[in-house]
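generate coordinates for the sequence data below:
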Amino acid sequence: MDNNNNAVLLDISSQGVATLTLNRPEVHNAFDDSIIAALIEALEATDRDPEVRVLVLRSNGRNFSAGADLGWMKRMAANSHQENLEDAGQLARLMEALNNHSKPTIGLVQGAAYGGAVGLAACCDIVIATEQSQFCLSEVKIGLIPAVISPYVVRAIGERLSRRYFLTAEPFSARVAADAGLVHEVVPHPDLLEEASKRFIAQLRRNSPQAMNAAKDLIFAVSQKPIDQSVIDDTARRIADIRVSDEGQEGLGAFLEKRKPNWIEE
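Modelled structure (predicted):
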């Protein structure tokens, strides 16, 4: 799938790895309304596709993404409040589609990730960055706020660090991002992103697709909720449901019989 004159690329390998690539290196992969629409389309398509096992989000060029495109911001500044509300709703839909994607998602971040690009990273299940990567929630510098990405970023880095970086708009390194929980692994050089990604993909492809989907749902169901009777009952129901599911039965059978489950390809 190619969108917006090849600004968004989607490739699905024979192993079920969907690679979604921002391809505007000449503008540091900044995104506008048309690119947001293309990303949503690709995310929804891969979410529905039963052949897709893992989604990788990446970009071409020196920088992951500069966030919002300047021309798009200029157009939005001239639009009405209602038009801005509808436009922001599309960006919110993009973040939701990535955050709630049913397949494991891996974000590869090289160079700069500014503004909304930090939101994209926060919505991925696993993020790999380089030593040279920099993150910045830069919105207040131009009189704006990181509004629609805030639920995901605050959940990723916590309220205390959000107070600092939302307000100062100062860049922070991949190491700081890793300490904060936004990034899971830091590699020394951009050339090593692919190798790290393949290692995670190989690990993920050994796991039950149904169980990984259920595990993501489980995280959302229990995150930041009090451990009360409703949560206890819900988690008991979830393990009972998956124990009697097709893949639950296959996985338990394979373990007891000391064989590979049928979702692992030879």
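
please report how far Gly116 lies from Met95.
For Gly116, the distance to Met95 (CB to CB, to the nearest Å) stands at 8 Å. C-beta here means a position set from N, CA and C on the backbone, and glycine is covered the same way.

over to Arg160?
For Arg160, the distance to Met95 - CB to CB - is 22 Å.

neighbour count winner among these two?
Met95 (22 against 8; other CB atoms under 10 Å).

got a pLDDT number for Tyr165?
Tyr165 carries a pLDDT value of 98.

look up which helix or strand it falls in, please.
helix 150-168 (DSSP states H and E).

list the buried residues in that helix.
Neighbour counts over helix 150-168 (16 or more other CB atoms under 10 Å) mark Ser150, Pro151, Tyr152, Val153, Val154, Arg155, Ala156, Ile157, Leu161, Ser162, Tyr165, Phe166 as buried.

residues in contact with Leu20?
By CB atoms under 8 Å, 6 or more residues apart in numbering, Leu20 lies in contact with Val8, Leu9, Leu10, Leu39, Ala42, Leu43, Thr46, Leu55, Val56, Leu57, Arg58.

give me the sheet partners of the stretch of helix or strand it belongs to and which way each runs.
Following DSSP H and E, one finds Leu20 within strand 17-22. Paired strands of strand 17-22, with direction, are strand 8-12 (antiparallel), strand 54-59 (parallel) (DSSP bridges).

most tightly packed of these?
strand 54-59 (a mean of 25; mean count of other CB atoms under 10 Å).

just for the stretch 51-200 of the chain, where's the confidence low?
For the stretch 51-200 of the chain, applying pLDDT under 70 flags no range at all.

need the helices for it, in chain order.
70-77, 81-99, 116-123, 150-168, 174-180, 193-204 (DSSP state H, counting those that start in this stretch).

to Phe255, which of those lies closest?
helix 193-204 (17.3 Å; CB to CB).

what's the first helix or strand after that closest one?
Assignment by DSSP H and E places the next element after helix 193-204 at helix 209-222.

how distant is the helix or strand following that next one from the center of its chain?
Per DSSP H and E, the first helix or strand lying C-terminal to helix 209-222 is helix 229-243. Distance, stretch centre to chain centre, for helix 229-243: 26 Å (CA atoms, centre = their mean, to the nearest Å).

what angle do helix 229-243 and helix 209-222 make?
Here helix 229-243 points in a direction 180 degrees away from that of helix 209-222 (axes from the mean of the first three to the mean of the last three CA atoms, to 10 degrees).

mind saving the C-alpha coords of helix 229-243 as PDB?
Output of helix 229-243 as PDB, limited to C-alpha atoms (Å, rounded to 0.1, in the frame of the first residue of the first chain):
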ATOM      1  CA  GLN A 229     -13.500  -7.600  43.500                       C
ATOM      2  CA  SER A 230     -14.600  -6.600  40.000                       C
ATOM      3  CA  VAL A 231     -10.900  -6.700  38.800                       C
ATOM      4  CA  ILE A 232     -10.300 -10.000  40.600                       C
ATOM      5  CA  ASP A 233     -13.400 -11.600  39.000                       C
ATOM      6  CA  ASP A 234     -12.500 -10.200  35.600                       C
ATOM      7  CA  THR A 235      -9.000 -11.600  35.700                       C
ATOM      8  CA  ALA A 236     -10.200 -15.000  36.800                       C
ATOM      9  CA  ARG A 237     -12.700 -15.000  33.900                       C
ATOM     10  CA  ARG A 238     -10.000 -14.000  31.400                       C
ATOM     11  CA  ILE A 239      -7.700 -16.900  32.300                       C
ATOM     12  CA  ALA A 240     -10.600 -19.400  32.300                       C
ATOM     13  CA  ASP A 241     -11.600 -18.100  28.900                       C
ATOM     14  CA  ILE A 242      -8.200 -18.500  27.300                       C
ATOM     15  CA  ARG A 243      -7.500 -21.900  28.900                       C
END
